[in-house]
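Turn this into a model:
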Amino acid sequence: MTRFIQTLLLILISTAGGYAKTFHLTAASETRPFSLQISCTTEGKGAFVQYTGQRGFIPLRLTRFVRSVLKHSNGQPEGYHYTWAEVFNGKVTGTYVITEQSGKVADAWYLRKKDGRRFNLVGDPKNIASERVEKYLLQGVLITFNPSGEANQFMFSYPDGHVASPRLPSHDNPDVTRAANIEDYNFDGYDDLAFSLPDAGMGVYRIFNIWLYDPADKRFKLLAEPTDTRSKCSCLCDVTVNPKEKLIYSACRGGARWWQDVYRIDKQNRLIWLRSTEMR
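Okay, here's the model as predicted:
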C-alpha cells in the first residue's frame, strides 16, 4: 500500500464520523411510557440525552464504540454499537446502550444504577433523524449549529449562562454540508471541536476551523491558522491527529500533487511546522 493511500484512508476514517445523529427512543412497555432522544456524532462523541417534556440535558460519556463493516461492502459501515455512562452532577447514574444496524435501532436499553432496573427502548417512527439544527454537549457546553454550508454562525452556550456566536467560513454551494469533529487536537486530555467544509475549488479536501477547549477559562478558543511559509497547505485541511507522537497532519492538493504538512502544537497552542512531504 502506498503512503498516499495509507494517508487517504486515515483521512477518510477521521472525517467519516463528523455528522450528527439523533436517536428518538421510547420505553413503550412501561406502565408509564416515556420518550427521550440521544444526540451525538457518528462516533458517539459529544453525546447527551434529553427526556421529552424536560428542558435540561444530561451528559453522556462514551465508554464503548464499535463500527461493524460487512466483508463485501467496500468498507462502508453496516452498523454501530454505542455504550454511554449517564453522568448527573458529576456521578454516574446509569448506562445507555444502542445498537444500530442499516440505519435503524436494532436494540436499545437503559440501566438505572441505583436499583439495577433495565428499561428496554425502541426507536419511534422518526428513528435516527438528521436534524436541521445539530447539537452536541462537550465539556458541559451546548454547541448548536446548522450543517448547511451557507450558514456561517454557530453558538457556544456555556454552563455559566454566557453565549458566544462565532462565525465560520461560508460556502457558495448550498448543497455542501458542514461537518463537526470532536478530537483532542492539542493533546491536553480535553476534547476539542472542529468544523470542516469542502474547499471552494475542486472540493477534493476539507478545510478545518478548530476550537480548543481551555480548562482554565472554561471557554473554547479558535486555533490560529498556520503561518509558516514553508508549509504546502495555506490552511488546515483534512486534519488528522497522531496522539502517540502528538502530531497534527494537514493534507491538501496543489496542482496534480497531494501534500502533507506536519505540525506540533506548543503549550501556548501555537502550531509549530515540522516538515512537509509529498504523498505518493
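
in the stretch 1-150 of the chain, which spans are helices?
Residue ranges of the helices in the stretch 1-150 of the chain, as given by DSSP state H, counting those that start in this stretch, are 3-16.

what are the ranges of the strands in it?
In the stretch 1-150 of the chain, the strands defined using DSSP state E, counting those that start in this stretch lie at 20-27, 34-41, 48-51, 58-69, 77-88, 91-101, 104-112, 118-120, 122-129, 134-138, 141-145.

need those in JSON lines with distance to L271, mean neighbour count and mean pLDDT, can you?
(C-beta placed from N, C-alpha, C; glycine too.) JSON lines is the format used below for these (distance: least, Cβ to Cβ, whole Å; neighbours: other Cβ atoms under 10 Å; pLDDT from 0 to 100):
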{"stretch": "strand 20-27", "distance to L271": "27", "mean neighbour count": "20", "mean pLDDT": "91"}
{"stretch": "strand 34-41", "distance to L271": "24", "mean neighbour count": "20", "mean pLDDT": "94"}
{"stretch": "strand 48-51", "distance to L271": "31", "mean neighbour count": "19", "mean pLDDT": "96"}
{"stretch": "strand 58-69", "distance to L271": "27", "mean neighbour count": "16", "mean pLDDT": "93"}
{"stretch": "strand 77-88", "distance to L271": "32", "mean neighbour count": "18", "mean pLDDT": "91"}
{"stretch": "strand 91-101", "distance to L271": "36", "mean neighbour count": "17", "mean pLDDT": "96"}
{"stretch": "strand 104-112", "distance to L271": "41", "mean neighbour count": "16", "mean pLDDT": "94"}
{"stretch": "strand 118-120", "distance to L271": "46", "mean neighbour count": "14", "mean pLDDT": "96"}
{"stretch": "strand 122-129", "distance to L271": "36", "mean neighbour count": "14", "mean pLDDT": "66"}
{"stretch": "strand 134-138", "distance to L271": "22", "mean neighbour count": "21", "mean pLDDT": "93"}
{"stretch": "strand 141-145", "distance to L271": "23", "mean neighbour count": "19", "mean pLDDT": "94"}
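
Figure out which of those is closest to M155.
For M155, the closest of these is strand 141-145, at 4.6 Å, according to Cβ to Cβ.

and the closest one, what does it pack onto?
Judged by 3 or more Cβ pairs under 8 Å, 6 or more residues apart in numbering; DSSP states H and E, the packing partners of strand 141-145 are strand 134-138, strand 154-157.

can you redo those strands as CSV with distance to R32?
Converted to CSV, those look like this (distance: least, Cβ to Cβ, whole Å):
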stretch, distance to R32
strand 134-138, 26
strand 154-157, 31
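
Of the ones you listed, which is nearest Q101?
Taking the helices and strands packed on strand 141-145 one by one with Cβ to Cβ, strand 134-138 is closest: 22.7 Å.

Let me know the distance separating the residue of the chain positioned farthest from its centre from F119.
Distance from the centre of the chain peaks at T31, with 36.1 Å (Cα atoms, centre = their mean). T31 sits 12 Å away from F119, going by Cβ to Cβ, to the nearest Å.

T177 now?
Taken as Cβ to Cβ, the span from T177 to F119 is 34 Å.

hang on, the earlier thing: need the strands of the stretch 1-150 of the chain in JSON lines (columns: distance to V163).
JSON lines is the format used below for the strands of the stretch 1-150 of the chain (distance: least, Cβ to Cβ, whole Å):
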{"stretch": "strand 20-27", "distance to V163": "20"}
{"stretch": "strand 34-41", "distance to V163": "19"}
{"stretch": "strand 48-51", "distance to V163": "17"}
{"stretch": "strand 58-69", "distance to V163": "19"}
{"stretch": "strand 77-88", "distance to V163": "23"}
{"stretch": "strand 91-101", "distance to V163": "27"}
{"stretch": "strand 104-112", "distance to V163": "31"}
{"stretch": "strand 118-120", "distance to V163": "34"}
{"stretch": "strand 122-129", "distance to V163": "25"}
{"stretch": "strand 134-138", "distance to V163": "14"}
{"stretch": "strand 141-145", "distance to V163": "9"}
